[in-house]
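Participant: Sequence below, structure please.
(chains A, B, C and D)
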Number of protein chains: 2
Amino acid sequence: MSPDPEDLTARARIRDAALRLFGEEGFDRATIRDIAHAAGVSSGLVRHHFGSKEALRDECDAYLARALERLNDQVRTDPSAEGVNYVAVATSMFGPYRKYVARALIEGRAAPLFDTMVDLGAEWLVEVDKQRPDPPELSREARATVGAAQSLAVALLYEHVSRRLGVDVLSPEGADLLARIGLDLHSHPTISPDEAAALRNRLPKGAGSPDEGKVLDD
Amino acid sequence: MSPDPEDLTARARIRDAALRLFGEEGFDRATIRDIAHAAGVSSGLVRHHFGSKEALRDECDAYLARALERLNDQVRTDPSAEGVNYVAVATSMFGPYRKYVARALIEGRAAPLFDTMVDLGAEWLVEVDKQRPDPPELSREARATVGAAQSLAVALLYEHVSRRLGVDVLSPEGADLLARIGLDLHSHPTISPDEAAALRNRLPKGAGSPDEGKVLDD
DNA sequence: CCTTGGCCTACACATTCGTGTAGCATACTT
DNA sequence: AAGTATGCTACACGAATGTGTAGGCCAAGG
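Facilitator: Numbers count the residues shown, from 1 in each chain, chains lettered A, B, ... in the order given. Got it, this is the predicted structure:
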């Protein structure tokens, strides 16, 4: 999250304060007056710049979408971006805006944000699939969707994960531990291919035939 | 989620309505009057039974904890509980209370609920570890924590996952697709052991030595 | 019969919040 | 220099909400 060139302006300060308070308190509990106070302006100015509280949130969403686009390009062109970075980015995601993003995602908002995560994951899966012995039964997009959701899980459940691990996962030690756990989980299947086949055959619908209206790659 | 013997009573109806409205609208947007109306009682009765709005939410949390305990015992004693059920339970989790649980978890509440998920996952890992070639570097609890978080991801990001998959993941077709994706992801490592070792050596802290104050099993 | 206590309702109060309006200062334009 | 747009504040209003209070209905027990 590199700082925007537009800074110091009251409008930007209001947006940042809103991002923070919406995240910490939630949209309803965060009042316009509190946001204005945190930004060092009057409450009237918030209305002057953004029109309404919901419009202010829309602007926050849009700002985050732009920020993600920058980060997206950055990751795509970064040669050191490999696999785990995908998870690392998702985890430390949006730094101070983590809580805001979490709430937005839970409420079904911030769709472009989630979609970008899926797309990033799908691109990574292209490389992963090359080293895979058996052809995947399911589309890359489908697997990337669930993978993106799982990658976001630690960021969403930040408090609980930190509590159970006994370490703040945003601290250097916590991030290190998290990276090792991620490597372990991603490098060790928890179900053997045989078991997977057996369980697949037990699924109620269809007996594991690879094509019956499911989402498949072309 | 089996229905409680205590039912039909106004108190139970209020609690159920609160669970639903807190989930759908969020704690702040859901008003006591709306909850009372949904339960078919007056708003005063809500206060009479629960004292305050926050106390009502506490009761909702406690009720969910009790319900989870029942489900916990059920899963533990069910012989057909194998691996994927872990994910399936987390996904279709709490049925109508999914949104409530999601909000509670995001806000850092419902800790016993998350802890139960971790414990369940850790028990499963005991079996998984038996079939693992290399000894795990990290504690079972640590891996179970992240695993639990990832298992909850689809439930938390229900709307986005359903949207990207093009199927309601709570519908029979969606659940089937989800199960297949889960089997695929769990049975195929996305990182080879060699890559994992290489990436582990690249981590800033320590050069991959297996013990330097990390969380380890005994 | 009367009274006691648990459910339950109706109504009022104080607070808070989003929004609307009026007005001031500064800077830029013509 | 006058006009005008812009960034900003102060203040007020209406609505909604959590909470408090007074009272009614009804079964149980003396």
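Participant: From now on I want contacts and neighbour counts done on CA atoms only, so please keep to that.
Facilitator: Fine.
Participant: which residues sit against the helix or strand containing A:Ala104?
Facilitator: Assigned by DSSP states H and E, A:Ala104 belongs to helix A:98-106. Applying Cα atoms under 8 Å, 6 or more residues apart in numbering or on different chains, the external contacts of helix A:98-106 come out as A:19-20, A:22-24, A:26, A:92, A:94, A:110-111, A:114, A:155-156, B:102-103, B:106, B:156-158, B:160.
Participant: ok, now stretch A:118-125?
Facilitator: By Cα under 8 Å, 6+ apart, stretch A:118-125 touches A:Asn72, A:Gly83, A:Tyr86, A:Arg140, A:Glu141, A:Arg143, A:Ala144, A:Thr145, A:Gly147, A:Ala148.
Participant: Can you get me a residue count around A:Arg132?
Facilitator: By other Cα atoms under 10 Å in any protein chain shown, the residues close to A:Arg132 number 13.
Participant: A:Ser171 now?
Facilitator: That count, for A:Ser171 with other Cα under 10 Å as the rule, works out to 12.
Participant: Just the closest of the contacts of stretch A:118-125 to A:Arg33, please.
Facilitator: For these, the minimum distance to A:Arg33 (Cα to Cα) is 34.0 Å, reached by A:Asn72.
Participant: residues touching the closest one, list them.
Facilitator: By Cα under 8 Å, 6+ apart, the residues touching A:Asn72 are A:Thr116, A:Leu120.
Participant: so it is in which element?
Facilitator: Judged by DSSP H and E, A:Asn72 forms part of helix A:53-77.
Participant: how far off helix B:98-106 does the helix holding A:Ala104 point, in degrees?
Facilitator: Calculated by axes from the mean of the first three to the mean of the last three Cα atoms, to 10 degrees, helix A:98-106 forms an angle of 170 degrees with helix B:98-106.
Participant: In helices, which of the contacts of helix A:98-106 appear?
Facilitator: The helices, defined by DSSP state H, take in A:19-20, A:22-24, A:111, A:114, A:155-156, B:102-103, B:106, B:156, B:158, B:160 from the contacts of helix A:98-106.
Participant: Go through the residues you listed and name the one nearest A:Pro204.
Facilitator: Nearest to A:Pro204 among the ones in helices among the contacts of helix A:98-106, counting by Cα to Cα, is B:Tyr158 at 21.8 Å.
Participant: The closest one reaches B:Gly166, doesn't it?
Facilitator: No. Using Cα atoms under 8 Å, B:Tyr158 is not in contact with B:Gly166, being 11.8 Å away.
Participant: The two: which has the busier surroundings?
Facilitator: B:Tyr158 (24 against 12).
Participant: Now for the more buried one: which residues touch it?
Facilitator: So B:Tyr158 contacts A:Ile106, B:Val169 (Cα under 8 Å, 6+ apart).
Participant: how near is it to DNA strand C?
Facilitator: 27 Å (Cα to the nearest atom of the strand, to the nearest Å).
Participant: now the angle between helix A:53-77 and the strand or helix carrying A:Ala36, please.
Facilitator: Taking DSSP H and E as the criterion, A:Ala36 maps to helix A:32-39. For helix A:32-39 against helix A:53-77, the angle by the same axes, to 10 degrees is 50 degrees.
Participant: does DNA strand C sit close to helix A:32-39?
Facilitator: Yes. Helix A:32-39 reaches DNA strand C (Cα under 7 Å from any atom of the strand) through A:Ile32, A:Arg33.
Participant: pLDDT below threshold where in chain A?
Facilitator: Low-confidence segments of chain A, defined by pLDDT under 70: A:1-7, A:78-93, A:205-218.
Participant: Would you mind listing what in it touches DNA strand D?
Facilitator: So far as Cα under 7 Å from any atom of the strand goes, chain A lies against DNA strand D at A:Thr9, A:Ala10, A:Arg11, A:Gly40, A:Val41, A:Ser42, A:Ser43, A:Gly44, A:Leu45, A:His48.
Participant: Skipping adjacent residues, who's closest to the third one in space?
Facilitator: Going back to what we said before, that points to A:Arg11. Using Cα to Cα, 6 or more residues apart in numbering or on different chains and skipping the chain neighbours, the partner closest in space to A:Arg11 is A:His49 (6.7 Å).
Participant: What's the local residue count around the one you found?
Facilitator: 14.
Participant: List phi and psi for it.
Facilitator: Here is the backbone geometry of A:His49 (degrees, to the nearest 10): phi -90, psi -30.
Participant: That one contacts A:Ala12, correct?
Facilitator: No. Using Cα under 8 Å, A:His49 is not in contact with A:Ala12, being 10.1 Å away.
Participant: so which helix or strand takes in A:Arg11?
Facilitator: Using DSSP H and E, A:Arg11 falls in helix A:10-25.
Participant: Not counting its own residues, what contacts that helix?
Facilitator: A:6-7, A:27-30, A:35-36, A:38-39, A:41, A:46, A:49, A:56-57, A:59-60, A:96-101, A:103.
Participant: Report the buried members of these.
Facilitator: A:27, A:30, A:35-36, A:38-39, A:41, A:46, A:56-57, A:59-60, A:97-101, A:103 (16 or more other Cα atoms under 10 Å in any protein chain shown).
Participant: Near DNA strand C, which residues of chain A are found?
Facilitator: A:28-33, A:43-44, A:47, A:51-54.
Participant: PyMOL command to pick out the buried ones of the residues you listed?
Facilitator: Here is the PyMOL command that selects the buried residues among the residues of chain A next to DNA strand C (16+ other Cα under 10 Å):
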select buried, chain A and resi 30+31+32+43+53
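Participant: Looking at the residues of chain A next to DNA strand C, which one is closest to chain B?
Facilitator: Closest approach between those and chain B, by Cα to the nearest Cα: A:Asp28, at 6.2 Å.
Participant: Could you double-check that the closest one sits in contact with B:Phe27?
Facilitator: No. Look at A:Asp28 against B:Phe27 with Cα under 8 Å: they stay out of range, at 9.1 Å.
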